[in-house]
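> After the sequence you'll find the predicted model.
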Amino acid sequence: MKKLFLLTITCLFILAPGQVANAADAPDVYAGRMALYKNMEAALQIPWYYLAGADQYEHSLRAARRDLEPSKGFIGIHIEPSKWSGALNPDLNDVNPLTITFFDGLGQDGNGDGKADITNDTDRLYAFSKHLQAYGADEDNIRIGLWDYYKRDKAVSIIIGNAEIYKKYGRLDLHEKAFPVPVRTHYTYLNTWGSVRGWGGRRIHEGTDIFADYSLPVRSTSYGIIEMKGWNKFGGWRIGIRDLNNTYHYFAHLSGFAKGLKVGQIVEPGQVIGGVGSTGYGPPGTSGKFPPHLHYGMYKDNGITEWSFDPYPYLKLWERKDLAKKK
Ligand SMILES: [Zn+2]
């Protein structure tokens, strides 16, 4: 019974990764969001990039889950009506800030119109920011406030990662991508998604193999945070990078890593992270059991679970864009 239930929610939640640029990526959307974050920072002294990090996390969940409505305004942060009005509040649609506070609801009047309106971007962001402010505005306390809000370690680390990227660049428009190896070099790749492979038992191939010579530079495909770096008996020397859309990019069989690269570091599209190799299929250092290639995988997190999806169409797109750039 439990298994069946799990299967059902899995099917419900898994859908297209929503990576392709859409109306929500337009410049005026970024400007609108940034204005709201900055206003909130001025009002409540919560640094804007933490708000942006949490909001972007929720936007990414809404793009990846069918059971959540897409965000209608600028702000993706979603608050359940029962949390907004307060658990014991008889009026689930309460907009009166006084009764909401009385029933310990999260709802707030952020724009000063006298109503705590759950559909209003400013009110919702203000309510979320007030929740964080109660813990304190330094990173340690923000982490605690985020944990108390999401009850998920991974949500906290993803949001803090997003915040660090926003803080470093000072802008929201950071969705540029790059092909993982330099274009106009010798490499080949085919769509091998889902094919069965042998080593270590029957596993489905979760990625695309880009065959190239040893040590051809391997580059980050996105802005992101290095979440994982090290050895795995299947993947050899490998790196995992999480981007702002909450997509995890996996690079395996590397010959080695770029000098000084470490977990937690921010990377940019096109930044060299290692070289093509043939490591893996054995204890640390094993190499040469198959022709050199980069195994590139993409995984989507939806706040509950993580699954792999086919990177091939994205690789084609990024390759075309890199080729179109000036030589
Ligand atoms: Zn592969």
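That came through, no problem.
> buried set for the helix or strand harbouring W307?
Using DSSP states H and E, W307 sits within strand 306-309. Residues 308-309 are the ones in strand 306-309 that count as buried (16 or more other CB atoms under 10 Å). Bear in mind the C-beta positions are built from the backbone N, C-alpha and C, glycine included.
> cool, stretch 149-162 as well?
For stretch 149-162, by 16+ other CB under 10 Å, it's 149-150, 155-162.
> What ranges does the protein have for its helices?
Under the criterion DSSP state H, the chain carries helices at the ranges 2-13, 27-44, 48-64, 81-85, 97-102, 121-133, 139-150, 153-169, 312-324.
> With adjacent residues omitted, what lies nearest to the residue in the chain that the ion sits nearest to?
Taking CB to the ion, the ion has its nearest neighbour within the chain at H295, 3.3 Å off. Ranked by CB to CB, 6 or more residues apart in numbering and with sequence neighbours excluded, the top spatial neighbour of H295 is A252, at 4.0 Å.
> Those residues of the stretch 101-250 of the chain touching the ion, which are they?
Within the stretch 101-250 of the chain, the residues that sit near the ion (CB under 5 Å from the ion) are 207, 209.
> same thing but at 8 Å, please
By CB under 8 Å from the ion, the residues of the stretch 101-250 of the chain that approach the ion are 192, 197, 205-209.
> hmm, back to that, burial of the residue nearest to H295, as a residue count?
Per other CB atoms under 10 Å, the neighbour tally for A252 reads 23.
> which residues does it contact?
Residues near A252 by CB atoms under 8 Å, 6 or more residues apart in numbering: 207, 232, 234-238, 280, 294-297.
> ok, of those, which come out buried?
When the contacts of A252 are checked for burial by 16+ other CB under 10 Å, the buried set is 207, 235-238, 280, 294-297.
> Now tabulate those residues in TSV and tack on pLDDT.
Output for those, formatted as TSV (pLDDT from 0 to 100):
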residue	pLDDT
G207	92
G235	95
G236	97
W237	98
R238	98
G280	96
L294	97
H295	96
Y296	97
G297	96
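> In strands, which of the residues you listed appear?
236-238, 294-297 (DSSP state E).
> and stretch 164-182, how far apart are its ends?
Terminal residues of stretch 164-182 are spaced 27 Å apart (CA to CA, to the nearest Å).
> now it: mean pLDDT?
For stretch 164-182, the mean pLDDT works out to 97.
> Likewise for stretch 105-112?
Across stretch 105-112, the average pLDDT comes to 96.
> quick one, what contacts G230?
G230 makes contact with 237-238, according to CB under 8 Å, 6+ apart.
> Just want to check the distance between it and A178.
Counting by CB to CB, to the nearest Å, the gap from G230 to A178 is 23 Å.
> which pair in the residues of the stretch 101-250 of the chain next to the ion spans the largest distance?
The distance between the two most remote of those (CB to CB) is 13.1 Å, for R197 and T208.
> neighbour count winner among these two?
T208 (24 against 14).
> centroid residue for the chain?
Central residue of the chain (CA atoms, centre = their mean): N246, 1.3 Å from the mean position.
> and it, what is it in contact with?
Applying CB under 8 Å, 6+ apart to N246 gives the contacts 57, 60-61, 64, 158, 300-301.
> Repeat that for P291.
Contact criterion CB under 8 Å, 6+ apart gives 211, 278 as the residues in contact with P291.
> Which residue ranges of the stretch 151-300 of the chain form strands?
187-189, 196-197, 203-204, 208-212, 217-219, 224-232, 236-243, 247-257, 266-267, 272-276, 293-301 (DSSP state E, counting those that start in this stretch).
> Break the chain into its domains for me.
24-169, 187-324 (automatic domain parsing).
> distance between the last one and the chain's centre?
Okay, so that is domain 187-324. Centroid separation for domain 187-324 versus its chain: 16 Å, with CA atoms, centre = their mean, to the nearest Å.
> now the end-to-end length of that domain.
One end of domain 187-324 to the other measures 18 Å (CA to CA).
> Could you check how many residues crowd around I46?
Neighbours around I46, by other CB under 10 Å: 23.
> residues touching it, list them.
When contacts are counted by CB under 8 Å, 6+ apart, I46 touches 40, 129, 132-133, 137, 142.
> tell me which helix or strand of this protein sits lowest on mean pLDDT?
Using mean pLDDT, DSSP states H and E, helix 2-13 stands out as the lowest-scoring helix or strand of the chain, at a mean of 35.
> Who is L254 paired with across the strands?
L254 has these beta-bridge partners by DSSP bridges: W237, V276.
> That one: neighbouring residues, count only.
L254: 26 surrounding residues under other CB under 10 Å.
> Can you verify my assumption that it contacts G274?
Yes. Taking contacts as CB atoms under 8 Å, L254 lies within contact range of G274: 4.0 Å.
> Could you pull up phi and psi at G170?
Backbone torsions of G170, given as degrees, to the nearest 10, read phi 70, psi 20.
> Against R65, how distant is it?
Separation of G170 from R65 (CB to CB): 30 Å.
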